[in-house]
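1. Sharing a sequence plus its predicted fold:
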Amino acid sequence: MAKTPEPPNGYALDAKGVWAGYNGHAALEGVSFRIEPGCLAGLVGPNGSGKSTLLRVILGLHKPWRGEVHVFGDRSPPQTRLGYMPQSEVVDWSFPVTASDVVLMGRYGRLGLLRRPRQHDRDVAMQALERVRMADRARRRIGELSGGEQRRVLVARALAQEADVLLLDEPFAGLDATSQHDILELFAGLARDGKTLFVATHDLSCVAACFDHAVFLNRKVVAFGRLADVLNEEVLTATFERHLLLLNVEGKIYAGHQ
Amino acid sequence: MPGISDFFESVREPWTLEFMQRGLIAVALVGIVSAVVGSFVILKGMAFIGDALPHASFGGVAAAFALGGNLYLGGAIAAVITALLIGFISRRAGVKYDTAIGIIFVGAFALGILIVSRQSGYQVDLFSFVFGNVLAVGWDDVWLIAVVGGLVLVAIAAFYKELLFIAYDPSMAAASGLPVAALQYGLLALLALTTVIALQTVGIVLVVAMLVTPAATAQVLVRRLPWMMALGALIGVVSAVTGLYIAYYGDVSASAAIVLTATGLFLAAFLLAPQRGLIIGRVPQP
Ligand SMILES: Nc1ncnc2c1ncn2[C@@H]1O[C@H](COP(=O)(O)OP(=O)(O)OP(=O)(O)O)[C@@H](O)[C@H]1O
Ligand SMILES: [Mg+2]
């Protein structure tokens, strides 16, 4: 599908026949795809299609039954190359930590055992909060923030990891139109700076609006590659298992039901 | 003004006695260490484990007693083994681990009772582990509590950042490359050591209260973990001092008086906390 030659430093992500699941039930069935460095790539699929599982396999948090994912050609990349934002349902919001404490945790992987965060780490964390426009909420307890603000704090933590590849699980869920737009701008800017972003979402209009690449997933990979090549009704119908229409209104693409 | 000097005299009087001094130092140290470790216990929803460990360690205490060994060492070995077992079971998803824990600790506790029932005569030493006997601690016990408690605090200070991370977001911590399993076992081992040094001062039944209540009181009042630990430690010490006064002048069980003081402080915080309290928290702020 991807006709371009292999990039000089290798693909940012290269999944080779990944099978994974829970208690004998497969959630991923032979998933293979490649993502070039420096692009904003979507991971699109309906609920239960295996998006979170795939991200957890890439991070090494979930052991695949078969297959592997290479990061820049590396089979077990150092953890500092990968940044992560978990789907926020699994985070404990009642915990006594402030927004800036949470973002600072993004630095812990780089610091390693026993070393304490230094001024530089605090600065990086604060800059990350500024980039998601949450600097004024830095000292609030995490549970006292709104759902969208909490989501932005988690994005900031992923930024503070200063990783080459960012794996983000549903960063747009629960964000209002302005915040969503701001975060998308931020992601596009990061991709222009050479970072690779792999963003799990089921929000098609977001992907259609600004993403370069996409992987369409429904336990198997339905299609992957440049958005212009893969975003068509056939692929959408196979991914979401029902007929979806694509509308092109003044250069913007909208997806919807009949 | 005889009234006032009488009052000061009665404030001072208990501490002129050496066993009261020893008891105060011991239980204050236990209060500090328990509140710090207890902060992680309640944040991780591990109160049940905090209850299981002291019971399980009684089996070890009784076995050591029967064999003529060191009671603390016996308790510590049993508690650490139980903690590791619990950690092992809870890391295996899909097992109903609270059931498994229940079976293990009740079994160990029953073994302790069985051994004790075979010993002839009333064993003050052993029963002070069940009900606690603050006023019977010797200087060697105080030293042991200070050394072990100090080690626990040093370990938590050293690994504070990691323990915070795995308590808050274990999958993110693992994704950042932290040795999550080792740290979780380590925290359980620290919890086991804390319950063992708390055993003789407050007793098996009330150890869980020392772990949970001061830390929970502090959680109601502050918004960051370091403050929660510091305030919890202070509440532990205040409960210890107040409880010892009540025990001295009321001639009641010291461990019960200490725990009830801590419970009273929790209720006060719960009702009156400025932000999340039941009464004051409801009043609209101007
Ligand atoms: N911890 C788990 N134990 C057992 N099965 C699981 C677990 N997590 C996910 N699954 C199953 O694996 C499949 C894929 O789940 P996954 O969370 O990866 O989907 P997803 O695409 O992220 O969905 P969503 O859009 O709802 O977040 C689902 O069928 C789900 O039921
Ligand atoms: Mg998901």
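-> Everything's here; your move. Residues are numbered from 1 along each chain as shown, chains lettered A, B, ... in the order given. Ligands and ions are numbered 1, 2, ... in the order given.
2. Can you give me the buried ones in stretch A:56-70?
-> Across stretch A:56-70, burial judged by 16 or more other Cβ atoms under 10 Å in any protein chain shown covers A:56-62, A:64, A:67, A:69-70. No exception for glycine: its C-beta is placed from N, CA and C like everyone else's.
3. ok, so of these, who is nearest ligand 1?
-> residue A:56 (7.6 Å; Cβ to the nearest ligand atom).
4. That closest one reaches residue A:62, doesn't it?
-> Yes - assessed by Cβ atoms under 8 Å, residue A:56 is found in contact with residue A:62 at 4.0 Å.
5. From the chain's centroid, how far away is stretch B:147-166?
-> The chain centroid and the centroid of stretch B:147-166 are separated by 15 Å under Cα atoms, centre = their mean, to the nearest Å.
6. Just the terminal-to-terminal distance for it.
-> By Cα to Cα, to the nearest Å, the extent of stretch B:147-166 from end to end equals 26 Å.
7. Intersect the buried residues of stretch A:56-70 with the contacts of chain B.
-> Counting by Cβ under 8 Å from any Cβ of the partner chain, A:56, A:59-61 from those sit close to chain B.
8. Can you say which two of these are spatially most distant?
-> A:56 and A:60 (8.3 Å; Cβ to Cβ).
9. And stretch A:105-121, what's buried?
-> A:105-111, A:117, A:121.
10. Name the nearest of those relative to residue A:12.
-> residue A:109 (18.6 Å).
11. that's a helix at the closest one, yeah?
-> Yes - counting by DSSP: H, G, I helix; E, B strand; the rest coil, residue A:109 is found in a helix.
12. Now for it: which residues touch it?
-> A:79-80, A:161, B:175-178 (Cβ atoms under 8 Å, 6 or more residues apart in numbering or on different chains).
13. just checking, what packs against the helix or strand encompassing residue B:215?
-> Here residue B:215 sits within helix B:204-221, counting by DSSP states H and E. Judged by 3 or more Cβ pairs under 8 Å, 6 or more residues apart in numbering or on different chains; DSSP states H and E, the packing partners of helix B:204-221 are helix B:18-43, helix B:47-67, helix B:124-131, helix B:180-202, helix B:225-250, helix B:254-272.
14. quick one: which of the ones you listed is nearest residue A:168?
-> helix B:180-202 (21.4 Å).
15. in that closest one, what's buried?
-> By 16+ other Cβ under 10 Å, the buried positions in helix B:180-202 come out as B:180, B:183-202.
16. can you list the helices and strands packed on helix B:204-221 in TSV and add distance to residue A:225 and mean pLDDT?
-> Formatted as TSV, those follow (distance: least, Cβ to Cβ, whole Å; pLDDT from 0 to 100):
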stretch	distance to residue A:225	mean pLDDT
helix B:18-43	45	93
helix B:47-67	50	85
helix B:124-131	68	72
helix B:180-202	36	89
helix B:225-250	46	94
helix B:254-272	58	92
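17. circling back: quick check, nearest of the buried residues of stretch A:56-70 to ligand 2?
-> residue A:56 (9.3 Å; Cβ to the ion).
18. Without its sequence neighbours, what residue ends up closest to residue A:124?
-> residue A:160 (5.4 Å; Cβ to Cβ, 6 or more residues apart in numbering or on different chains).
19. Name all residues that make contact with that neighbour.
-> Neighbours of residue A:160 in contact, by Cβ under 8 Å, 6+ apart: A:103-104, A:106-107, A:124-125, A:128.
20. Which of those fall in helices?
-> A:103-104, A:124-125, A:128 (DSSP state H).
21. Could I get these in CSV, plus columns for neighbour count and distance to residue A:43?
-> As requested, those are arranged in CSV below (neighbours: other Cβ atoms under 10 Å in any protein chain shown; distance: Cβ to Cβ, whole Å):
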residue, neighbour count, distance to residue A:43
A:103, 29, 24
A:104, 25, 27
A:124, 20, 26
A:125, 25, 27
A:128, 25, 22
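22. Can you tell me which of these is nearest chain B?
-> residue A:104 (8.8 Å; Cβ to the nearest Cβ).
23. Can you give me the pLDDT of that closest one?
-> The model reports residue A:104 with a pLDDT of 95.
24. Same check on residue A:31?
-> 94.
25. related to what we said a few turns ago, out of the helices and strands packed on helix B:204-221, nearest to ligand 2?
-> So among the helices and strands packed on helix B:204-221, helix B:180-202 is nearest, using Cβ to the ion, at 20.8 Å.
26. Now the closest one - C-alpha only, CSV.
-> Output of helix B:180-202 as CSV, limited to C-alpha atoms (Å, rounded to 0.1, in the frame of the first residue of the first chain):
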residue,chain,number,x,y,z
VAL,B,180,6.4,-1.7,39.0
ALA,B,181,6.2,-5.3,40.3
ALA,B,182,9.4,-4.9,42.5
LEU,B,183,8.1,-1.6,43.8
GLN,B,184,4.7,-3.0,44.7
TYR,B,185,6.3,-5.9,46.5
GLY,B,186,8.6,-3.5,48.3
LEU,B,187,5.7,-1.4,49.5
LEU,B,188,4.0,-4.5,50.8
ALA,B,189,7.1,-5.5,52.6
LEU,B,190,7.3,-2.0,54.2
LEU,B,191,3.7,-2.4,55.2
ALA,B,192,4.5,-5.7,56.8
LEU,B,193,7.4,-4.2,58.8
THR,B,194,5.2,-1.4,60.0
THR,B,195,2.4,-3.7,61.2
VAL,B,196,5.0,-5.7,63.1
ILE,B,197,6.4,-2.7,65.0
ALA,B,198,2.9,-1.5,65.7
LEU,B,199,1.7,-4.8,67.1
GLN,B,200,3.0,-4.6,70.6
THR,B,201,1.9,-1.0,71.1
VAL,B,202,-1.7,-1.1,69.8
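27. Taking their axis directions, that helix and helix B:18-43 sit at what angle?
-> Here helix B:180-202 runs at an angle of 150 degrees relative to helix B:18-43 (axes from the mean of the first three to the mean of the last three Cα atoms, to 10 degrees).
28. Report whether helix B:180-202 contacts chain A.
-> No - judged by Cβ under 8 Å from any Cβ, helix B:180-202 and chain A are separated, with a smallest distance of 9.2 Å.
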